[in-house]
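J.: Here is my input; please provide its structure:
(one chain, ligands or ions: 2)
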Amino acid sequence: MLAPAPTVGKCAAGTTTTTTRMEPPGGVNSTTRSSRKRPRVEADKNQQQVPLKLSKNKNNNNNRTTIPENDNFNNNNNIGIFDGVLTVDQCNELIAVHESHRHAGYIHHLTITRVADLSSSSSSSSSSSSSLALTVPLIHARQICWTLVEEYFDCTLDLFPEFTALMAWHTGSFLKTHFDANRDYLQDRHYSAVLYLNDPNDDDPDGDEFDKERTSRNRNGFQGGDLVFSFPRNKSNDDEESSTTTKTTTQSCSPSNVVCFTDVRIRPKAGRLVCFPSTERYLHRVDEVTYGTRYTLTLWFTRNQTAMETLDSLQQRLPWVISNTTSLDDETMWLERILPVSSQHGDGGTMEQPWETPKQAEQLFQETMVRAQLQWDDVTKSWTSPQIESLDATTNVNKRDDTATILRRSVWKIPQLVLQIVAYCWWKRDVALGSLEKDDLQTLIHEWNQYVQRRFVGLQQAARRWMEHGMVTNVTNSELLLPSS
Ligand SMILES: O=C(O)CCC(=O)C(=O)O
Ligand SMILES: [Fe+2]
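T.: Ligands and ions are numbered 1, 2, ... in the order given. Next comes the predicted model:
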């Protein structure tokens, strides 16, 4: 006899909404929970919260099954959905972090940014402090999710992050039906959590009223990309379930003894966290992203402390973080050097200089800007010129996936900072870098440095705390609670 389909709990972070607790399937060890309890972290109170939109229990059209947000299931709430976990601003910051450091991911049309990608450059490199500073919003977001997942599943054992990455699901990406602990080496994945960072392009994803302000901030929207769970059920469950849920059966249930599947479809939404056990009972897929880019913070948690992901590269560099009291001027210089206005000769220090004269610098700058523009255009249209095709040959990535990686590795040695400025441009100004005047660009660089400086100070403070508490030898075991501004 098959277990009834797991059900879905809906709750709002930071509100008094009661969360229905689940018993994890198969039960968990009832060892008393350790007294260590991370403080609950809430979204930055200074920033406007994404308004909680409680449901109107309305199905949207085109035969989609949505989860009614006011459903009160009485049995296990095995899938948790939290809205407003991060503000739209916080989500946008994470998208910018992703864009500034993305690498080709593990499936086509997927790019990822892990903590290691932000912290692995050599400690003396000029671009290091800005990259390291960007670990702050990522670790902070992880901390919020971590607390929510532990609380939601009412874990009697502590959980530990097993994998953390910002991801961009570009047009054409999808994941076929799977469960997350589906390989021998993934047995330590116990809970999955996905925090969505942007909205689909629909005006009305949840049957809510059209929200102009929110939609206007919803840059880089996408179509498709629903998360869909498929729960097996037997026929005897059919009547009961169809009367209490809006789930639909995607296969007909005859003849008898045929296993049927109930689909539970979850629409991504900026600031929405979905969490579920990583076991085979939670088969799920990601529908193809048919337009645009879908951004997520994807996390797995483990009950096995030894399987915890290491943040080695970050940890190793903390002493340098603490001792680095200098400003980020050297980084500013990186970009200034490729500006026509300030392309005087320097010795270049340890940096590579792919140009010899101011004229070449100017040309490099123009090319960089063209490429930066391409990055934000429709990539499928962008990759036509033979020159860019040949650039692609210098990388091992899918050319449609990973413009940023190509930029970074390209023969022109475009500095990492340019990518960061491109990402910042999108984030704060909603403009393409190529369309900016030189003066605008200077202002932007200044703003960027101030932003990084603020984040870097936050990292220094946290690092000092870790040092003081002797936690540096095992950073991932610390609270990793960083200031959010
Ligand atoms: O992005 C999602 O909604 C789910 C992703 C997923 O299933 C996975 O990465 O295993
Ligand atoms: Fe998955």
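J.: Could I get the contacting residues of the closest residue to ligand 1 within the stretch 201-350 of the chain?
T.: Residue nearest to ligand 1 within the stretch 201-350 of the chain (CB to the nearest ligand atom): Leu227, separated by 3.7 Å. Where you see a C-beta, it was placed from the backbone N, CA and C, and this is true even at glycine. Taking CB atoms under 8 Å, 6 or more residues apart in numbering, we find Leu227 in contact with 194, 265-266, 268, 274, 284-287.
J.: Which of these fall within strands?
T.: Per DSSP state E, strands hold the following members of the contacts of Leu227: 194, 265-266, 274, 284-286.
J.: Bridge partners for Arg285, pull those for me.
T.: Listed by DSSP bridges, the beta-bridge partners for Arg285 are Val228.
J.: burial count for Arg267?
T.: Other residues near Arg267 come to 18 when the count uses other CB atoms under 10 Å.
J.: Can you give me the distance of it to Tyr196?
T.: Distance of Arg267 to Tyr196, given as CB to CB, to the nearest Å: 9 Å.
J.: rewinding a little: and the ones in strands among the contacts of Leu227 as CSV, adding distance to ligand 1, neighbour count and pLDDT?
T.: Listed next are these as CSV, based on distance: CB to the nearest ligand atom, whole Å; neighbours: other CB atoms under 10 Å; pLDDT from 0 to 100:
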residue, distance to ligand 1, neighbour count, pLDDT
Val194, 4, 22, 98
Arg265, 11, 16, 93
Ile266, 7, 21, 95
Val274, 7, 21, 96
His284, 6, 23, 93
Arg285, 7, 16, 95
Val286, 5, 23, 97
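J.: So which of the residues you listed is the closest to Tyr152?
T.: Taking CB to CB as the measure, Tyr152 lies nearest Val274 of these, at 10.6 Å.
J.: hang on, isn't Ser100 packed against Trp427?
T.: No - assessed by CB atoms under 8 Å, Ser100 is found out of contact with Trp427, at 9.3 Å.
J.: Show me what from this structure comes close to ligand 1.
T.: 175, 180, 194, 227, 284, 286, 296, 298 (CB under 6 Å from any ligand atom).
J.: Recalculate using a threshold of 5 Å.
T.: 194, 227, 286, 296 (CB under 5 Å from any ligand atom).
J.: roughly how far apart are the residue of the stretch 201-350 of the chain closest to ligand 1 and Thr302?
T.: Relative to Thr302, and taking CB to CB, Leu227 is found at 21 Å.
J.: My read is that Trp169 contacts Arg294, right?
T.: Yes - the pair Trp169 / Arg294 is scored as a contact, 4.1 Å apart, by CB under 8 Å.
J.: Kindly point out which residues are neighbours of both of those two.
T.: 222, 225.
J.: which residue ranges form the helices in the stretch 201-350 of the chain?
T.: With DSSP state H, counting those that start in this stretch as the criterion, the stretch 201-350 of the chain has helices at 212-217, 238-244, 312-323, 329-338.
J.: Among the ones you listed, show the one with the smallest mean pLDDT.
T.: Ranked by mean pLDDT, the helices of the stretch 201-350 of the chain bottom out at helix 238-244, with a mean of 41.
J.: Stretch 165-172: which residues count as buried?
T.: By neighbour count with 16 or more other CB atoms under 10 Å, stretch 165-172 contains the buried residues 165-172.
J.: With stretch 277-286 instead?
T.: 277-279, 281-286.
J.: Tabulate those residues (CSV), appending distance to Trp466.
T.: CSV is the format used below for these (distance: CB to CB, whole Å):
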residue, distance to Trp466
Pro277, 31
Ser278, 29
Thr279, 34
Arg281, 38
Tyr282, 34
Leu283, 39
His284, 36
Arg285, 39
Val286, 36
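J.: so what secondary structure elements neighbour whatever helix or strand Glu447 lives in?
T.: Using DSSP states H and E, the element containing Glu447 is helix 438-468. Counting contacts by 3 or more CB pairs under 8 Å, 6 or more residues apart in numbering; DSSP states H and E, helix 438-468 packs against helix 128-133, helix 135-152, helix 312-323, helix 329-338, helix 416-424.
J.: In which helix or strand does Pro161 reside?
T.: With DSSP H and E as criterion, Pro161 is part of strand 160-169.
J.: any idea which helix or strand comes after that strand?
T.: Remark: after strand 160-169, the chain's next helix or strand is strand 175-178, criterion DSSP H and E.
J.: So what touches that following strand?
T.: Residues contacting strand 175-178 (CB under 8 Å, 6+ apart): 107, 230, 283-286.
J.: Adjacent strands (with direction) for that strand?
T.: Checking strand 175-178 against DSSP bridges gives partners strand 283-286 (antiparallel).
J.: between Ser100 and Trp427, which one's more packed in?
T.: Taking neighbours as other CB under 10 Å, Ser100 and Trp427 compare with Ser100 leading, 26 against 20.
J.: Could you dump the contacts of Leu227 into a markdown table with distance to Glu309 added?
T.: A markdown table is the format used below for the contacts of Leu227 (distance: CB to CB, whole Å):
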| residue | distance to Glu309 |
| --- | --- |
| Val194 | 16 |
| Arg265 | 30 |
| Ile266 | 25 |
| Pro268 | 24 |
| Val274 | 20 |
| His284 | 22 |
| Arg285 | 25 |
| Val286 | 22 |
| Asp287 | 28 |
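J.: nearest to Val321, of the buried residues of stretch 277-286?
T.: Closest approach to Val321 among these (CB to CB): Ser278, at 33.0 Å.
J.: Please name the nearest non-neighbouring residue to that closest one.
T.: Asp180 (3.8 Å; CB to CB, 6 or more residues apart in numbering).
J.: With Phe261 instead?
T.: Ser230 (4.3 Å).
J.: hang on, isn't Pro268 packed against Asn201?
T.: No - contact criterion CB under 8 Å: Pro268 and Asn201 do not qualify, at 11.1 Å.
J.: Which of these two has more residues huddled nearby?
T.: It is Pro268, of Pro268 and Asn201, that has more neighbours when counted by other CB under 10 Å, with 25 against 15.
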